[in-house]
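Enquirer: coords please:
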Amino acid sequence: MTLTENNGRAAGTTSPRPAPAATPATPRRIPGLPRSLPGLALAACGVAVAEAVHLLLPAVPMLTAAVVLGITAAHLPWLRHRVRGTARPGLTLAGKRLMRLGVVLLGLKLSLDDVLGLGWATVLMVLAVVVATFFGTLWLGRRLGLRGDQPLLIATGYSICGASAIGAVSEASGSDEEDVATSVALVTLCGTLAIAVLPLLHQPLGLDDAQFGRWVGAGVHDVGQVVATAQTAGPAALGEAVLVKLMRVALLAPLVAAVALAVRNRRRADAAGAGAGAGEGAAAGKRPPLLPLFVVGFLAMVVVRTTGVLPTAALDGAREAQELLLAAALFGLGSAVHLPTLVRTGGRVAALGLCSWVVIAGVSYAGVLLTT
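Expert: Alright, predicted model coming up:
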């Protein structure tokens with residue numbers, strides 16, 4: 001009888017199924033949120049320290065400090081295990097989701113009226129700088145044999161708006177987190193060097209304040225770095241720099257759409273090469289949208305800013321929120337940088353960064369002279 005009962009239980013015919021309470025589904029309805037809390041808390045601490053650094057050293061943008069602090073946290077002996085362990089889900093969430101929100105709010109800095117006020121000559125100059133820098137950096141990065149999407153991401157960061165553009169394009173291309181982190185670290189480093197180097201070239205290059213501002217706006221990567229660099233030449237330079245820089249930011253949406261289209265075409269070609277109808281259908285089902293939702297949000301914010309319906313207080317609050325969100329995202333991305341791995345390709349990455357820096361500085365300088 002015992003044998004029969006055992007056989008019955010093995011066959012599942014005489015033993016009742018376990019009660020539903022044994023496999024609760026409630027925790028799964030909040031995917032990964034509890035696991036993300038330690039990392040989000042660490043990112044919040046990193047943002048607080050980055051803001052304190054900026055207040056003590058105004059020449060250091062908060063976003064730059066956030067990246068450096070993220071890299072530092074990932075290598076401190078007493079903290080690195082937590083960064084790579086319990087805090088990793090939250091830091092990854094910050095690097096992806098909070099970056100998207102920050103990019104959306106970035107649109108509130110840009111008005112179409114301001115862009116059109118620059119004049120067509122300046123608009124064409126900015127387009128030439130972006131195209132030359134993007135394709136030149138992309139070509140050189142591939143020739144140097146950099147891994148994965150690093151050439152694409154570095155080219156994006158240099159030509160558009162630094163780490164924000166890298167985060168946006170990485171979402172469209174599905175880039176590896178390590179590639180994103182390495183690209184952010186390089187672009188942030190070069191942008192930080194620009195804060196110290198470009199003001200020294202202001203007078204030797206024979207630029208007046210307005211020309212210097214346009215050169216900085218066309219040639220420096222992140223918005224915060226542009227402000228920190230241009231303000232050394234006064235309010236006229238700062239105003240010109242911000243307007244030219246925001247014109248580059250406006251090109252973020254078409255670039256993301258182009259990358260998404262390229263990824264879609266590549267997946268379609270891979271599916272066709274596999275020669276399997278089912279595989280092709282699966283690949284088609286995973287196609288990225290031509291314009292990701294957060295880029296649509298970015299464009300919507302540009303339209304809202306152009307209408308002028310938002311009061312100054314709301315714009316100031318959005319600017320503060322955007323800075324905090326991007327700082328948290330950059331802390332998360334910085335924490336994914338693994339310096340030993342970076343050192344192994346450091347020579348090639350540094351060479352690409354230096355060459356791209358020379359290209360964007362040279363092309364933007366020539367453009368400023370031709371349009372003034």
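
Enquirer: Buried residues, the longest helix belonging to the chain. List them.
Expert: The longest helix of the chain (DSSP state H) is helix 346-371. When burial is assessed from 16 or more other Cβ atoms under 10 Å, helix 346-371 yields the following buried residues: 348-349, 352-353, 356-357, 359-361, 363-365, 367-368, 371. From N, CA and C alone the C-beta is placed, and that goes for glycine too.

Enquirer: chain center to stretch 253-262, what's the gap?
Expert: 15 Å (Cα atoms, centre = their mean, to the nearest Å).

Enquirer: And stretch 55-70, by the same measure?
Expert: For stretch 55-70, the distance to the chain centre is 16 Å (Cα atoms, centre = their mean).

Enquirer: Repeat that for stretch 61-74.
Expert: Relative to the centre of its chain, stretch 61-74 is centred 14 Å away, using Cα atoms, centre = their mean.

Enquirer: Report the backbone C-alpha coordinates of it in CSV.
Expert: The C-alpha coordinates for stretch 61-74 follow below in CSV (Å, rounded to 0.1, in the frame of the first residue of the first chain):
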residue,chain,number,x,y,z
PRO,A,61,30.4,70.9,-12.8
MET,A,62,28.2,68.7,-10.7
LEU,A,63,27.8,66.1,-13.5
THR,A,64,31.6,65.8,-13.9
ALA,A,65,31.9,65.3,-10.1
ALA,A,66,29.2,62.6,-10.2
VAL,A,67,31.0,60.5,-12.8
VAL,A,68,34.3,60.7,-11.0
LEU,A,69,32.6,59.8,-7.7
GLY,A,70,30.9,56.8,-9.4
ILE,A,71,34.2,55.6,-10.7
THR,A,72,35.8,56.1,-7.3
ALA,A,73,33.0,54.2,-5.4
ALA,A,74,33.5,51.2,-7.8
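
Enquirer: what residues does that stretch touch?
Expert: Applying Cβ atoms under 8 Å, 6 or more residues apart in numbering, the contact partners of stretch 61-74 are 42, 46-47, 49-51, 53-54, 79-80, 83-84, 91, 162-163, 184-185, 188, 191-192, 195, 222, 224-225, 227-228, 323, 326-328, 330-339.

Enquirer: Same question for stretch 223-237.
Expert: By Cβ under 8 Å, 6+ apart, stretch 223-237 touches 58-64, 106, 109, 161-162, 164, 191-192, 194-195, 198-199, 202, 209-210, 212-213, 216-217, 220, 238, 240-242, 245-246, 249, 323.

Enquirer: Identify the residues contacting the residue positioned nearest the centre of the chain.
Expert: Nearest to the mean C-alpha position of the chain, by Cα atoms, centre = their mean, lies G167 at 2.5 Å. Neighbouring residues of G167 by Cβ under 8 Å, 6+ apart: G95, K96, M99, R100, G102, V103, V180, V184, A329, L333.

Enquirer: ok, now which ones touch the nearest residue to E171 once chain neighbours are set aside?
Expert: Among residues not flanking E171 along the chain, P292 sits closest, at 5.9 Å (Cβ to Cβ, 6 or more residues apart in numbering). Contacts for P292 (Cβ under 8 Å, 6+ apart) come out as A168, E171, A172, V256, A260.

Enquirer: which residues does the fourth one contact?
Expert: The neighbours of V256, taking Cβ under 8 Å, 6+ apart as the test, are A168, V169, E171, A172, L291, P292, V295.

Enquirer: quick one: least confident of those residues?
Expert: Here the lowest pLDDT out of the contacts of V256 sits on L291, with 68.

Enquirer: in what helix or strand does L105 lie?
Expert: Assigned by DSSP states H and E, L105 falls within helix 99-106.

Enquirer: From the contact counts, what lies against that helix?
Expert: Where contact means 3 or more Cβ pairs under 8 Å, 6 or more residues apart in numbering; DSSP states H and E, helix 99-106 is packed against helix 162-173, helix 293-307, helix 312-334.

Enquirer: Taking the contacts of stretch 61-74, please make a PyMOL selection of just the buried ones.
Expert: To isolate the buried members of the contacts of stretch 61-74 in PyMOL, using 16+ other Cβ under 10 Å:
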select buried, resi 42+46+47+49+50+51+53+54+83+91+162+163+184+185+188+191+192+195+222+224+225+227+228+323+326+327+328+330+331+332+333+334+335+336+337+338
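
Enquirer: Take the contacts of stretch 61-74 and keep only those in helices.
Expert: Under the assignment DSSP H, the contacts of stretch 61-74 contribute 42, 46-47, 49-51, 53-54, 80, 83-84, 91, 162-163, 184-185, 188, 191-192, 195, 224-225, 227-228, 323, 326-328, 330-334, 339 to helices.

Enquirer: Show me the shaky parts of the stretch 1-150 of the chain.
Expert: 1-33 (pLDDT under 70).

Enquirer: Show me where it has its helices.
Expert: All helices of the stretch 1-150 of the chain, identified by DSSP state H, counting those that start in this stretch, fall at 2-11, 33-56, 62-73, 80-84, 88-93, 99-106, 112-117, 120-143, 150-159.

Enquirer: Many thanks, we can stop here.
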